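J.: below: sequence and its predicted model.
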Amino acid sequence: MNITIEKNNKELIHRLNRAIGQIEAIKRDLSENPQDQDCVKTFNQLKASINALKKFGQTYMTEHLDECLEQGIEKDEISKNLKPILNGIFNL
């Protein structure tokens, strides 16, 4: 595997692990402390997890979009399939 790709994938995995950790923290707080929930803390964790996933998507797209476009798919098909996905990602 190319060293650059390997490094980029490690960074992407790190970003996903951060988001997963934040989501797990929310889940744990909801499960373990239903009476003692700190709404502000939960909202901050939610915001952080959403931002982490957005950053993952942005980084993944930046690093892998050219590869996706080089897969021999027709331009019209790419436009039809990717535009709604990209619009949805950035409207979270």
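T.: Okay, I see it.

J.: can we go C-alpha only for contacts and neighbour counts from here?
T.: Fine.

J.: show me what contacts the residue most central in space within the chain?
T.: What sits nearest the mean C-alpha location of the chain, by C-alpha atoms, centre = their mean, is Leu53, with 2.5 Å. For Leu53, the set of contacting residues under the criterion of C-alpha atoms under 8 Å, 6 or more residues apart in numbering consists of Arg15, Leu16, Ala19.

J.: in CSV: those, plus neighbour count.
T.: Compiled in CSV, these are given as follows (neighbours: other C-alpha atoms under 10 Å):
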residue, neighbour count
Arg15, 20
Leu16, 18
Ala19, 23
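
J.: mind listing which of those are in strands?
T.: When strands are assigned by DSSP state E, not one member of these lies inside them.

J.: just to revisit the earlier point, what secondary structure does the residue nearest to the centre of the chain sit in?
T.: Under DSSP: H, G, I helix; E, B strand; the rest coil, the three-state class of Leu53 is helix.

J.: now do Gln71
T.: When the structure is split into helix, strand and coil by three-state DSSP, Gln71 lands in coil.

J.: now it: how far from Pro84?
T.: Relative to Pro84, Gln71 is positioned 19 Å away (C-alpha to C-alpha, to the nearest Å).

J.: what of His64?
T.: His64 sits at a distance of 18 Å from Pro84 (criterion: C-alpha to C-alpha).

J.: likewise for Asp76?
T.: Distance, Asp76 to Pro84, by C-alpha to C-alpha: 13 Å.

J.: please apply the same query to Ile20.
T.: In this structure, Ile20 and Pro84 are separated by 25 Å, where distance is defined by C-alpha to C-alpha.

J.: who has more neighbours out of those two?
T.: Counting neighbours by other C-alpha atoms under 10 Å for Ile20 and for Pro84 shows that Ile20 has the greater number, 15 against 10.

J.: now that one. Nearest residue, chain neighbours left out?
T.: Closest residue to Ile20 in three dimensions, ignoring its sequence neighbours and counting by C-alpha to C-alpha, 6 or more residues apart in numbering: Ser49, at 7.5 Å.

J.: isn't the one you found up against Asn17?
T.: No - with the criterion set as C-alpha atoms under 8 Å, Ser49 and Asn17 do not qualify as a contacting pair; they are 10.1 Å apart.
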